[in-house]
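> this one's sequence-less:
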């Protein structure tokens, strides 16, 4: 693990815990899901596009978690 990994992890964790960021992500996801729910079920292109929006929002939070994990030192097992 590099020093950059640690810095990225700290920054990602700060962002993930930020109430404004959390609100923005939740609102964006909510809007994308509402859009998906209103699409004509026969319009597969529009459905795929709306699904891609939801997936992108979900991927953002998944990537933040991965950055945090990569920059967190592994736990040491206590000597027995």
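Nice, I can see it. What you see is a predicted model, and the numbers here were worked out from it, not measured in a lab.

> can you pull out the helices in this structure?
For the chain, the helices defined by DSSP state H cover 3-17, 19-38, 44-70.

> can you name every helix or strand that the first one contacts?
Where contact means 3 or more C-beta pairs under 8 Å, 6 or more residues apart in numbering; DSSP states H and E, helix 3-17 is packed against helix 44-70. To be clear about C-beta, it is placed using only N, CA and C from the backbone, and glycine gets the same treatment.

> what is the rounded mean pLDDT of the helix it packs on?
The average pLDDT within helix 44-70 is 93.

> report all helices and strands that it contacts.
Going by 3+ C-beta pairs under 8 Å, 6+ apart, helix 44-70 lies up against helix 3-17, helix 19-38.

> export these to CSV and tack on distance to residue 69 and mean pLDDT?
Shown next, in CSV, are the helices and strands packed on helix 44-70 (distance: least, C-beta to C-beta, whole Å; pLDDT from 0 to 100):
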stretch, distance to residue 69, mean pLDDT
helix 3-17, 8, 88
helix 19-38, 18, 96
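
> mind checking which of these is nearest residue 44?
Taking C-beta to C-beta, helix 19-38 is the member of those nearest to residue 44, at 12.4 Å.

> quick check: buried residues in that closest one?
Using 16 or more other C-beta atoms under 10 Å as the test for burial, helix 19-38 gives 25, 29, 32.

> need those in a markdown table with distance to residue 14, can you?
Compiled in a markdown table, the buried residues of helix 19-38 are given as follows (distance: C-beta to C-beta, whole Å):
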| residue | distance to residue 14 |
| --- | --- |
| 25 | 14 |
| 29 | 21 |
| 32 | 25 |
